[in-house]
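J.: With the sequence up front, the predicted model follows.
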Protein chains: 2
Amino acid sequence: MPNEQSDLDRVFHCLADPSRRAMVARLVDGPATVSELAEPLTMALPSVLQHLKVLEDSGLIRSEKAGRVRTCQLEPARLSEAEAWLMQQRALWEKRLDRLGAYLETLQAQEKKE
Amino acid sequence: MPNEQSDLDRVFHCLADPSRRAMVARLVDGPATVSELAEPLTMALPSVLQHLKVLEDSGLIRSEKAGRVRTCQLEPARLSEAEAWLMQQRALWEKRLDRLGAYLETLQAQEKKE
DNA sequence: ATAAAACTTAGCCAAATGCCTAAATATTCC
DNA sequence: GGAATATTTAGGCATTTGGCTAAGTTTTAT
């Protein structure tokens, strides 16, 4: 039983690191090379490569090498999956609040009758 | 220099674990005790407590003890922060695609002229 | 006054993370 | 061909994570 891990686990794990979030945010503006992604980060290149691997494994980004340059780009579908999970929780939460509100109103209405 | 970590880091870290996501999902339906949160999870209580601590530290949930029972509830604001980050990235991404689309149309228009 | 219930704390441990330096590798430029 | 560029691999290391068992503690029930 090898470390089973869902896509959602991996995506949220990616987003939990500020350097990786910065890389994602950079790629939202368009493709970038490894060096370009590394430039604003205060760490050695091999460390950036590790983050890159985590990001690729999660499916959040994809990259291709042309000559000696690797170019990375965002795979927005995975971002959407994470967003969808959050949206669903909020939707359910709001539904519950609505039910609760309706219930409280019923109580009030009954109070007046009595 | 103590492990500086942003709220967003902590929230996404919470969501990266399936047990913690399950706990959040459960609390979306309304408050629950520690045992209730633990019941569907296949792990010992102390492990659940650790997850609970991580969740509370992130601000995603809040809990209070009455007698011997601790009751937990969701703090939806933090969920929204995470959702907001994702929404913003998507908004920027779509903006970029629009710009790109407009640019490509311009190119096509010029081709016809020449 | 005991016992049961519902956490809590303490302490242990294996694996995963995140960062580094040094040494390759592969391309492109001169 | 030889140097510069752009990664990439290898290996090391401290910390964090996520799980466990065993032993408390605090309330509540009998």
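T.: Yes, it's here.

J.: Show me what the helix or strand of chain A with the lowest mean pLDDT is packed against.
T.: For chain A, counting by mean pLDDT, DSSP states H and E, helix A:76-113 ranks last in confidence among helices and strands (a mean of 87). Contact analysis of helix A:76-113 by 3 or more C-beta pairs under 8 Å, 6 or more residues apart in numbering or on different chains; DSSP states H and E lists helix A:7-15, helix B:18-28, helix B:76-113 as its packing neighbours. Where you see a C-beta, it was placed from the backbone N, CA and C, and this is true even at glycine.

J.: Out of those helices, which is the most enclosed?
T.: A comparison of the helices and strands packed on helix A:76-113 by mean neighbour count, using mean count of other C-beta atoms under 10 Å in any protein chain shown, puts helix A:7-15 on top with a mean of 21.

J.: which helices and strands does that helix pack with?
T.: Judged by 3+ C-beta pairs under 8 Å, 6+ apart, helix A:7-15 is in contact with helix A:18-28, helix A:45-58, helix A:76-113, helix B:7-15, helix B:18-28.

J.: go again using 6 Å as the cut-off
T.: When contacts are defined as 3 or more C-beta pairs under 6 Å, 6 or more residues apart in numbering or on different chains; DSSP states H and E, helix A:7-15 packs onto helix A:45-58, helix B:7-15.

J.: Those: which one's closest to DNA strand D?
T.: Smallest distance to DNA strand D across the helices and strands packed on helix A:7-15 (C-beta to the nearest atom of the strand): 3.6 Å, for helix A:45-58.

J.: check whether the closest one contacts DNA strand C.
T.: Yes - judged by C-beta under 7 Å from any atom of the strand, helix A:45-58 comes into contact with DNA strand C through A:Pro46, A:Ser47, A:Gln50, A:His51, A:Val54.

J.: near DNA strand D at all, that helix?
T.: Yes - counting by C-beta under 7 Å from any atom of the strand, contacts between helix A:45-58 and DNA strand D involve A:Leu45, A:Pro46, A:Leu49, A:Leu52.

J.: Nearest to A:Pro76 among the residues you listed?
T.: A:Leu52 (17.3 Å; C-beta to C-beta).

J.: So stretch A:17-26, near DNA strand C or not?
T.: Yes - Stretch A:17-26 reaches DNA strand C (C-beta under 7 Å from any atom of the strand) through A:Asp17, A:Ser19.

J.: ok, back up a step: which stretch among the helices and strands packed on helix A:7-15 comes nearest A:Met23?
T.: Of all the helices and strands packed on helix A:7-15, helix A:45-58 comes closest under C-beta to C-beta, at 6.4 Å.

J.: DNA strand D contacts on chain A?
T.: Contact residues, chain A versus DNA strand D (C-beta under 7 Å from any atom of the strand): A:Thr33, A:Val34, A:Ser35, A:Glu36, A:Leu45, A:Pro46, A:Leu49, A:Leu52, A:Lys65, A:Arg68, A:Val69, A:Arg70.
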